[in-house]
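S.K.: Need a 3D model of the following:
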Amino acid sequence: MQEMWDKNEEYKRLFPECKSHAFLEVCIKNSADKNSLRYLRVAQGCKWVCETIRQDAEFPYTMKSKKPFDVAFIVLDEIGSCPWLYKAVNGNSTDGAYITKFFTDDTSFAKKYQFICSTTTSESIFRNLCTSPGQFNAVTMRPSSILYRELLIKQIVDKNVLIALSILDENHYFESLVQNRRCAVVAVERIDKLMSTVKLISSTAGDMNEHQKNRSNVNKRLPDIQFNLTDKEGMYAVAGFLVGVVAAEYKKLSGVKNINPIDAQEIVAKGIRAFLCCEEKDFENVFSEFPQNPLELGLFDCRTEPQKDGTRRVTISVSAAQQVMAATAYGGVPIFTCSVSGGAFETFSASLLSTYLSGYSTVCFDGENQIEGLPPANLSTFLNSLTETKFSSTYDNPLVHPSVSGVLFSPHQIALNKTLGSYLSVLAQFHGGSEERQAFVLVNGRGAPYADLIAKSGDILFLVQCKGSIDIPKFTVEKELRKMGFSDKGDVEIEALVSAFCPGDVVDEKKLGKAIKIINSKKGDFHERFKKCLDAICGKKEWQIADSDAALLKGKLLTGLLMRSLGCTIAVPVFMCTDPGTDEVKENLKDLVESHKVNSFGWSDPAALLFVDGGIKRSVELSESGGKKRPRGKAKLRRTK
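M.R.: Residues are numbered from 1 along each chain as shown. Model prediction:
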């Protein structure tokens, strides 16, 4: 090693010292004397294990025992962050340099040694680290909330407390997060500490008075916080803060502990885009041009399954928990996880949509390093990768936002009301135009008779309906589409009104206010009021108003105004639904949505359908040579169990 280091200036630049594990790996790769260097690596591995045991056990003496253990299980946690050590312990038991043979003399404390390696790093990375032909068996822990529930029951014995804590599951962020086992353990620890300071009450006024009386009569410390068992929104907010705390704690314990939270968020967002949109021939090495591989960081998972016909199925996935942590920038932005102002599922959907849009931003950096090799970003690419719907048309509108703003919340309902004009002016000022403006996702006021979410990128307007608990769909697709102004044809009268309100890029608030006052008046039926509005704003004509319901005409007018104010040329209807968990229900809802094709605002297809609150995965079958075997359809957004 010293000789190789002395003779190569590049080695001296990259490795300040020749006696380092990183340089040892380079030497093993490039030296003719590989066996001796591998022997050195195993010896170093054994030395490190023994020194660590002595340090952790605070036992500086010899480890030799007259009565050795029958077997010693040595657990190496997060081994993926230390590849040289994994290679040191991953040898073949028949080799002379097998690590267990180094536990001799002062380190012979067991008759047999077994190494257990755990990591958040992907199974495929582990497999590639193998240094011998020995058998490799990967055990992959799939997302599950069972551990969280069992730990909670074991830790919290009071049934009333458990009943109160069950409300936490209604927070979609929290429910997704605790499917990750490490997050589940941290969450229960934090809940236990929190509940030690809380007293559950049922009558706020009476219990508060009693609490103050008791505090003045006893010397011992009483719980500082009182929580009403019936306060569901309060518990929802508590769950949101727990999400932020747990995500931040997870970051400290995982492969992203030394990465800036925003950079980790960027890696996840761009990684989702990369593996969903890449060509199949590039699938297995899709992250090769990322400055930091998300598989090695444990952010994504990659599994390889041999098939009977000699091919192998490669599956890349990202869990619901990782999506939630990325959406909160690993605890950096937990506040909106607590919000109930826009509705629980609406807020959750907004944060995920914001993350997906981040993957398509034109600024593709991981810290100071450019992320290369990403698939093109246009509307068709974006929708085909994430949605269940099949589209007959191609949409080349580019997603040209440099970044995505934080999730926005409307202070009031975006609808045909007296505040609409001023709000449209504000949106136009800060988010109008199609070039070099941040994308945004806006949560509409609760109960608004319009879209639940409004999002924009470039000249694309996304109008989103959020529908939770859809085991049996409780909404009518056509009704929801018409509420946003989507139908099977355009409307000349609406276009005339929009042009009158927006002669340029700025809304004429005075005209709009006058029109809304006429439309919302109580005199006559809606068609009469609408005709009166047209006459007042556009001049008297023989208007041929279609026999449509009021919701459709209002939706068309509002969508037209939003598009004009924001500089959009196309509006896309989207349904974001909870994942029902069964393929049959999924297919039924997909068929229902696809049966309602619309032709409005530049969009001539059914609405896009996204299932959220589950993991995302894509599988490709490859031949042994690395090429694809056959197409397997587009990637799907789906729950991973």
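S.K.: domain parsing for the protein?
M.R.: Domain segmentation of the chain under automatic domain parsing yields 2-128, 492-547.
S.K.: So for Lys308, which of the ones you listed sits nearest?
M.R.: Minimum separation from Lys308 across the domains of the chain (CB to CB) falls at domain 2-128, 20.0 Å. Just so you know, the C-beta spots here come from the backbone N, C-alpha and C atoms, and that holds for glycine as well.
S.K.: from the chain's centre, how far out does the closest one sit?
M.R.: Remark: domain 2-128 is offset 36 Å from the chain centroid, using CA atoms, centre = their mean, to the nearest Å.
S.K.: quick one: the strands in the stretch 401-550 of the chain?
M.R.: 408-409, 440-443, 453-457, 460-467 (DSSP state E, counting those that start in this stretch).
S.K.: that older thread, for the domains of the chain, which has the smallest mean pLDDT value?
M.R.: Mean pLDDT across these is lowest at domain 492-547; the value there is a mean of 69.
S.K.: His596 in helix, strand or coil?
M.R.: Following DSSP: H, G, I helix; E, B strand; the rest coil, we place His596 in the coil state.
S.K.: for Thr304, that is, sorry about that
M.R.: Secondary structure, three-state DSSP: Thr304 is strand.
S.K.: per-residue pLDDT, it?
M.R.: The model's pLDDT for Thr304 equals 83.
S.K.: Does it touch Thr311 like I think?
M.R.: No: counting by CB atoms under 8 Å, Thr304 stays clear of Thr311, with 10.6 Å between them.
S.K.: Comparing those two, which shows the higher neighbour count?
M.R.: Thr311 (17 against 14; other CB atoms under 10 Å).
S.K.: where's that one relative to Asn90, distance?
M.R.: 26 Å (CB to CB, to the nearest Å).
S.K.: which ones are touching Phe486?
M.R.: Contact analysis of Phe486 by CB atoms under 8 Å, 6 or more residues apart in numbering lists 555, 559, 571, 573, 598, 600-601, 603, 607.
S.K.: What degree of burial does the closest residue to it other than its chain neighbours show, as a neighbour count?
M.R.: Closest residue to Phe486 apart from its sequence neighbours, by CB to CB, 6 or more residues apart in numbering: Val598 at 4.2 Å. Using other CB under 10 Å, Val598 has 21 neighbouring residues.
S.K.: Touching, Val598 and Gly485? I think so.
M.R.: No: using CB under 8 Å as the test, Val598 is too far from Gly485 to be in contact (9.4 Å).
S.K.: can you give me the strands in the stretch 251-400 of the chain?
M.R.: 301-306, 312-318, 365-366, 369-370.
S.K.: what pairs with the first one, and is each one parallel or antiparallel?
M.R.: Right, the one you point to is strand 301-306. Paired neighbours of strand 301-306 in the sheet (DSSP bridges): strand 312-318 (antiparallel).
S.K.: average model confidence for the strand it pairs with?
M.R.: The average pLDDT for strand 312-318 rounds to 90.
S.K.: now do stretch 167-183
M.R.: In this model, stretch 167-183 has an average pLDDT of 89.
S.K.: which residues are in contact with it?
M.R.: Contacts of stretch 167-183 (CB under 8 Å, 6+ apart): 120, 141, 143-145, 147-148, 184, 187, 191, 232, 235-236, 238-240, 242-243, 246-247, 250, 253-254, 319-325, 327-328, 337, 344-345, 348, 351, 613.
S.K.: ok, now with 6 Å
M.R.: Outside stretch 167-183, the residues that touch it by CB atoms under 6 Å, 6 or more residues apart in numbering are 141, 143, 145, 147-148, 184, 187, 232, 235-236, 239, 243, 246, 250, 320-321, 324, 337, 348, 613.
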